[in-house]
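> the amino acid sequence is not available; the structure is as follows:
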């Protein structure tokens with residue numbers, strides 16, 4: 001098939017490589033202008049001799065002209081952060097498909113995987129759908145579920161499960177669309193949910209919350225943006241952790257919420273509502289991620305004050 005890829009970063013790069021390996025003709029790549037490090041998708045496309053476009057907005061008439069001139073059978077959206085208008089999506093002969101890392105209509109929005117962990121779900125997955133002007137609201141072509149294990153973080157969930165399955169799913173659905181064998185099913189709106197992007201306010205730890213909630217927040221923000229607390233007015237980001245439920249009053253007697261109550265050489269133990277969080281990796285504000293035991297945090301400090 002002849003296609004255009006709209007996307008960025010490692011997921012977009014992996015999708016590009018998957019189609020190229022099959023012998024498909026990737027006629028064009030559209031990725032967002034870079035604000036920091038080079039985009040892996042752009043670099044890979046250029047190395048393969050694929051035409052790359054980086055329009056600040058895909059509503060730009062020049063963007064629509066570029067896609068028309070590519071004469072593609074299908075558009076494939078693989079990790080897209082730009083708004084993609086319907087006028088753009090409708091240009092390919094067989095329209096456009098889009099990847100989203102949740103079981104739509106659950107968890108619409110850019111931080112869908114984080115929220116699935118933070119909310120304590122034991123299952124999530126990915127959907128491939130027909131994009132509309134509504135955010136993640138188009139009819140669904142394929143869903144695949146994956147378990148969220150108790151030890152899963154955002155990183156392990158994405159890179160270990162959803163990423164590889166999602167790339168394969170895009171290839172599968174693109175083939176089905178071209179063959180006319182991909183019926184689109186409207187999302188069931190009564191079950192729909194949307195959450196915003198995880199930023200500072202959402203990733204801040206409240207030690208008065210139950211340790212179940214705190215543990216899920218740390219997992220859902222690992223590796224980015226990092227769940228955080230404070231010590232002496234400075235941010236402390238917490239990453240790898242485990243939780244322990246307090247079974248008796250004697251376990252917590254005399255301990256304050258947010259207090260570091262133990263250090264064993266590899267981790268710090270923090271008292272939270274209903275139990276304890278054992279933290280193994282931290283990053284002090286302005287520093288690099290490292291061992292919790294080497295962070296300078298000590299027993300008796302109160303976090304979050």
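Cool, got the structure. Treat the numbers as computed from the prediction; the structure is a model and nothing was measured. Numbers count the residues shown, from 1 in each chain.

> rest of the way, CA atoms for contacts and neighbours
Will do.

> burial count for residue 166?
Residues near residue 166, counting by other Cα atoms under 10 Å, number 25.

> pretty sure it sits in a helix.
Yes: judged by DSSP: H, G, I helix; E, B strand; the rest coil, residue 166 forms part of a helix.

> not counting sequence-adjacent ones, nearest residue to it?
residue 126 (6.6 Å; Cα to Cα, 6 or more residues apart in numbering).

> gap between residue 47 and residue 41?
Per Cα to Cα, to the nearest Å, residue 47 is found 10 Å from residue 41.

> the two: who's more crowded?
A direct count of neighbours by other Cα under 10 Å for residue 47 and residue 41 places residue 41 higher, at 26 against 9.

> what about the more buried one, which SS state?
helix.

> what sits against it?
Residues near residue 41 by Cα atoms under 8 Å, 6 or more residues apart in numbering: 7, 8, 9, 10, 12, 13, 16, 31.

> same thing with residue 37?
With contact set as Cα under 8 Å, 6+ apart, residue 37 has no partners.

> please identify which helix or strand holds it.
Residue 37 belongs to no helix or strand when assigned by DSSP states H and E.

> quickly note the distance from the residue nearest to residue 166 to residue 182.
Residue 126 is 16 Å from residue 182, by Cα to Cα.

> more crowded one of those two?
Under the criterion of other Cα under 10 Å, the comparison of residue 126 against residue 182 puts residue 126 first, with 24 against 16.

> surely the more buried one is in contact with residue 167?
No: in this structure residue 126 lies outside contact range of residue 167 using Cα atoms under 8 Å: 10.3 Å.

> all strands for the stretch 201-305 of the chain, in order.
Per DSSP state E, counting those that start in this stretch, the stretch 201-305 of the chain carries strands over the ranges 227-231, 234-238, 241-245, 260-263, 268-272, 275-279, 281-284, 289-291.

> want to throw those strands into CSV with mean neighbour count?
Output for the strands of the stretch 201-305 of the chain, formatted as CSV (neighbours: other Cα atoms under 10 Å):
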stretch, mean neighbour count
strand 227-231, 22
strand 234-238, 21
strand 241-245, 18
strand 260-263, 18
strand 268-272, 27
strand 275-279, 24
strand 281-284, 22
strand 289-291, 16
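
> which stretch among those strands comes nearest residue 217?
Closest approach to residue 217 among the strands of the stretch 201-305 of the chain is made by strand 227-231 (6.5 Å; Cα to Cα).

> which other helices and strands contact the closest one?
Applying 3 or more Cα pairs under 8 Å, 6 or more residues apart in numbering; DSSP states H and E, we find strand 227-231 packed against strand 234-238.

> turn the strands of the stretch 201-305 of the chain into JSON lines, including mean pLDDT.
What follows is those, written out as JSON lines (pLDDT from 0 to 100):
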{"stretch": "strand 227-231", "mean pLDDT": "98"}
{"stretch": "strand 234-238", "mean pLDDT": "97"}
{"stretch": "strand 241-245", "mean pLDDT": "97"}
{"stretch": "strand 260-263", "mean pLDDT": "96"}
{"stretch": "strand 268-272", "mean pLDDT": "97"}
{"stretch": "strand 275-279", "mean pLDDT": "98"}
{"stretch": "strand 281-284", "mean pLDDT": "97"}
{"stretch": "strand 289-291", "mean pLDDT": "95"}
